[in-house]
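Asker: Can you look at this prediction? I've put the sequence above it.
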Amino acid sequence: MFTGLVETVGVVKSIVRRGEDRLGLTVSAPFEDTQIGDSISVSGVCVTVTDVGRNEFGVFVSSETFRRSKFGALRVGDRLNLERALKVGDRLGGHIVQGHVDEVGRVASLQGKGEEAMLSVEHSGRWDGLVVEKGSVCVDGVSLTVADCGIGSFNVAVIPYTLERTALGGLKVGDRVNLEFDVLAKYILKCLQSYLPEGIAGSLKGKITVEFLKEHGFL
């Protein structure tokens with residue numbers, strides 16, 4: 001488990017294709033205590049360390065991860081946000097992040113890089129019900145707070161520190177980003193839907209409101 005607070009930025013050193021939808025990555029990183037079997041969030045994807053070298057580590061990317069994430073488009077030299085798994089007692093400075101990418105979004109805009117930048121991301125719209133104003137979303141492994149959201153899109157404010165210390169600062173319009181939506185919201189929505197009359201659950205598409213809950217006896 002992770003919290004979406006990037007520790008450092010690594011760089012792709014090598015990519016080895018293993019069939020059509022699998023690959024091995026070697027990533028440079030200044031971690032001194034990395035061991036084989038460790039879990040590391042690499043731009044929002046939880047992967048297991050399979051090899052360790054001096055200031056670098058290797059991971060295997062499965063077919064599922066390949067399909068769900070932007071890893072199929074990685075190139076040598078690409079910058080990656082890195083975070084090691086939480087230890088018991090660590091602060092949850094961001095939000096609960098599993099490293100299980102839901103889908104790949106697209107940068108619609110990144111405006112203003114002074115005191116604050118506003119990053120706009122487009123996605124399929126399948127996850128609209130899990131994106132709420134002032135809620136949390138994970139973009140390329142970075143925990144961010146939703147400023148506002150619409151159908152198939154959301155905006156997040158990014159402070160200068162985050163732009164400087166993560167790979168988000170290098171994003172351009174059209175770039176692909178790994179997205180993970182709030183796992184707690186997923187479970188809450190799933191539980192609510194199981195108690196709703198047949199037909200209503202499938203037609204909600206993000207329309208669960210306080211008024212809706214009152215009308216159906218939840219409040």
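Answerer: Received the coordinates, thanks.
Asker: Outline the domain layout of this structure.
Answerer: 8-84, 103-182, 184-215 (automatic domain parsing).
Asker: first to last residue in the last one, what's the distance?
Answerer: Distance across domain 184-215, first residue to last, is 23 Å (Cα to Cα, to the nearest Å).
Asker: quick one: which of the domains of the chain has the weakest pLDDT on average?
Answerer: Mean pLDDT values for the domains of the chain show the minimum at domain 184-215, a mean of 69.
Asker: ok, Cys138 - contacts?
Answerer: 4, 44, 95, 97, 144, 178-181 (Cβ atoms under 8 Å, 6 or more residues apart in numbering). Yep, even glycine has a C-beta here, placed from its N, CA and C like the rest.
Asker: quick one, strands of the protein?
Answerer: Counting by DSSP state E, the chain has strands at residues 8-17, 23-28, 39-42, 45-53, 56-61, 79-84, 103-111, 117-122, 136-139, 142-150, 153-158, 176-181.
Asker: Quick one: closest of those to Cys191.
Answerer: strand 176-181 (16.0 Å; Cβ to Cβ).
Asker: can you pull the buried residues of that closest one?
Answerer: 177-181 (16 or more other Cβ atoms under 10 Å).
Asker: now for the contacts of Cys138, which pair is the farthest apart?
Answerer: His95 and Asn178 (15.5 Å).
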